[in-house]
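Novice: what's the 3D shape of this:
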Amino acid sequence: MKKESYFNFDSKDVYFSEQGTGDALMLLHGNTVSSKLFDKDLDFFSNYFRVIAFDYPGHGKSDRVDKFDENFWHYNALCAIELADMMGIDSLKVIGTSGGALVGLNMAVQKPELVSKLIADSFFGIQLSTDDAEYIVKGRHKGKSNYLMQRYWLNQSGEDWESIVDLDNEMLLNLAQKQINAVRGNLSKITADVLITASRKDKIVLNMEQKMIAIAPTIPNSKLMLFDQGKHTFMITMREKFRPLALDFFGY
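Specialist: Below you'll find the model as predicted:
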């Protein structure tokens, strides 16, 4: 049965849920969405693990913020680490998709002993170019007038979804302009086994294959798997392929 609650981080009430028993597995959502993204995944992975998911501050059912931290993924990694500590968890398996992959990598850098295995799915690397940021923002502006995208964002975060998208756009453009690394700290600190997954047909992250081939060697103990099927994100658009490889990576 799914349990839902809140914890306090940085003076904000942060929503989280857990389901299942066994080793702890944390699911990390991407930008402009929420842990609602994982409704089907909680049901599946809770057959094997104690699955935990939460809404980043400013997202989903969590308290809103006035502005997203310019070290956005690092900030949310600290939130995830705080949640694990509050729950008495000292070892975590992690799946992060899109921006969630960057949260997972930040966790593995900030507290290497906490993250035992990490799947980093469908992300842009650790530096976002201004061209890539502008491309993402342009796509979102177009999405705002698309009925299906409107319903998607509404379902993820509620009536104020547009302000969440705007805050994220502002953060991405600032990150790219200042060339702030999406991962704070040295990737060499990572001790977890890392599996990187992505689709070559990803339309949100341009030149995905090239970006993943460049980033993989900089992450210790990492393995890269690229696929010709799926879109953005591989985890969500190709669940039937992703789930078996995730279970295999986690030792099932």
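Novice: can you give me the helices in the stretch 151-252 of the chain?
Specialist: 161-178, 208-215, 234-237, 239-249 (DSSP state H, counting those that start in this stretch).
Novice: Local confidence estimate at S122?
Specialist: Listed pLDDT for S122 reads 98.
Novice: Pull the contacting residues for it.
Specialist: Contacts of S122 were listed using CB atoms under 8 Å, 6 or more residues apart in numbering, and they are 97-98, 101, 197-199, 202, 204-205, 208, 232-235. From N, CA and C alone the C-beta is placed, and that goes for glycine too.
Novice: any idea which of these has the most stuff around it?
Specialist: Highest neighbour count within the contacts of S122: A101, with 31 neighbours (other CB atoms under 10 Å).
Novice: since we're on F45, how many residues are nearby?
Specialist: By other CB under 10 Å, 24 other residues sit near F45.
Novice: Check K231 too.
Specialist: 14.
Novice: Which pLDDT value goes with the nearest residue to it once chain neighbours are set aside?
Specialist: Nearest residue to K231 in three dimensions, chain neighbours excluded: T237, at 4.7 Å (CB to CB, 6 or more residues apart in numbering). pLDDT, T237: 98.
Novice: T237 is in contact with K203, isn't it?
Specialist: No. Using CB atoms under 8 Å, T237 and K203 do not qualify as a contacting pair, with a distance of 10.6 Å.
Novice: Common neighbours of the two, please.
Specialist: By CB under 8 Å, 6+ apart, the residues touching both T237 and K203 are K231.
Novice: and the two? which has more neighbours close in?
Specialist: Neighbours were counted for T237 and for K203 using other CB under 10 Å; T237 has more, 16 against 11.
Novice: so who does the more buried one touch?
Specialist: Per CB under 8 Å, 6+ apart, neighbours of T237: S199, G230, K231.
Novice: Distance check, it against D121.
Specialist: Noted for T237: a distance of 11 Å to D121, by CB to CB, to the nearest Å.
Novice: what do you get for Q19?
Specialist: Q19 is 20 Å from D121, by CB to CB.
Novice: Look at the two and report which has more neighbours.
Specialist: Between Q19 and D121, D121 has the larger neighbour count (other CB under 10 Å), namely 26 against 19.
Novice: wait, isn't the more buried one in contact with S98?
Specialist: Yes. Under the criterion of CB under 8 Å, D121 makes contact with S98 at 7.2 Å.
Novice: what is in contact with those two at once?
Specialist: Joint contacts of D121 and S98 (CB under 8 Å, 6+ apart) are T233.
Novice: Turn the contacts of S122 into CSV, columns for distance to A108.
Specialist: What follows is those, written out as CSV (distance: CB to CB, whole Å):
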residue, distance to A108
T97, 15
S98, 17
A101, 11
T197, 16
A198, 18
S199, 23
D202, 22
I204, 23
V205, 20
M208, 21
H232, 22
T233, 19
F234, 20
M235, 18
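Novice: just to revisit the earlier point, can you tell me which of the helices of the stretch 151-252 of the chain is most buried?
Specialist: Of all these, helix 234-237 has the most neighbours on average by mean count of other CB atoms under 10 Å, namely a mean of 23.
Novice: Return the distance of that helix from the chain's centre.
Specialist: 12 Å (CA atoms, centre = their mean, to the nearest Å).
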